[in-house]
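Q: from the sequence below, what's the structure:
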Amino acid sequence: MRALDDVFEALKRSPFRQRFRLGLRERAYIADKGLETVHRHAADFVTMKLVPAHPKNDGKQTPMRGHPVFIAQHATATCCRGCLEKWHGIRSGQVLSEAEVAHVLAAIDRWIGQQLSQEGPGPAVK
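A: Predicted structure coming up:
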């Protein structure tokens with residue numbers, strides 16, 4: 001598993017990953033629900049869609065919009081097992097360990113925190 005600092009440096013060089021931003025709707029959702037609730041949602045999504053060794057619809061299981069966590073997952077390459085392997089060094093084909101789940105959640109939380117610390121929403125992802 002790669003260090004998150006190294007992953008985030010690599011993600012900065014990806015035009016695809018860099019285009020993701022929290023919009024007004026996502027920022028309002030976080031303001032309304034709170035970061036703790038959004039983190040719980042992230043944990044639920046990761047448990048359901050990434051923890052299994054062979055997730056259903058892997059590579060297509062994470063929507064591109066509709067929840068701040070979905071956007072964060074695409075921005076941090078934690079959206080599918082293929083991206084986890086390529087970007088984070090987490091092997092496909094085996095159940096995620098507790099440490100790997102914690103790594104994925106830390107990446108999502110870090111990205112959301114960075115987005116919230118920036119002024120104003122970014123453009124919507126198309």
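
Q: find me the pLDDT at residue 59, would you?
A: You'll see residue 59 listed with a pLDDT of 80.

Q: near it, how many other residues are there?
A: 11 (other CB atoms under 10 Å). Bear in mind the C-beta positions are built from the backbone N, C-alpha and C, glycine included.

Q: would you mind measuring from the closest residue to it other than its chain neighbours to residue 74?
A: Nearest residue to residue 59 in three dimensions, chain neighbours excluded: residue 80, at 4.7 Å (CB to CB, 6 or more residues apart in numbering). Residue 80 is 10 Å from residue 74, where distance means CB to CB, to the nearest Å.

Q: okay, and the common contacts of those two?
A: When contacts are counted by CB atoms under 8 Å, 6 or more residues apart in numbering, residue 80 and residue 74 are jointly contacted by residue 62.

Q: I'd guessed the residue nearest to residue 59 sits against residue 54; true?
A: No: counting by CB atoms under 8 Å, residue 80 sits too far from residue 54 to count as a contact (11.5 Å).

Q: okay, these two: which has more neighbours?
A: residue 80 (21 against 10).

Q: need the pLDDT of that one.
A: Value for residue 80, per-residue pLDDT: 95.
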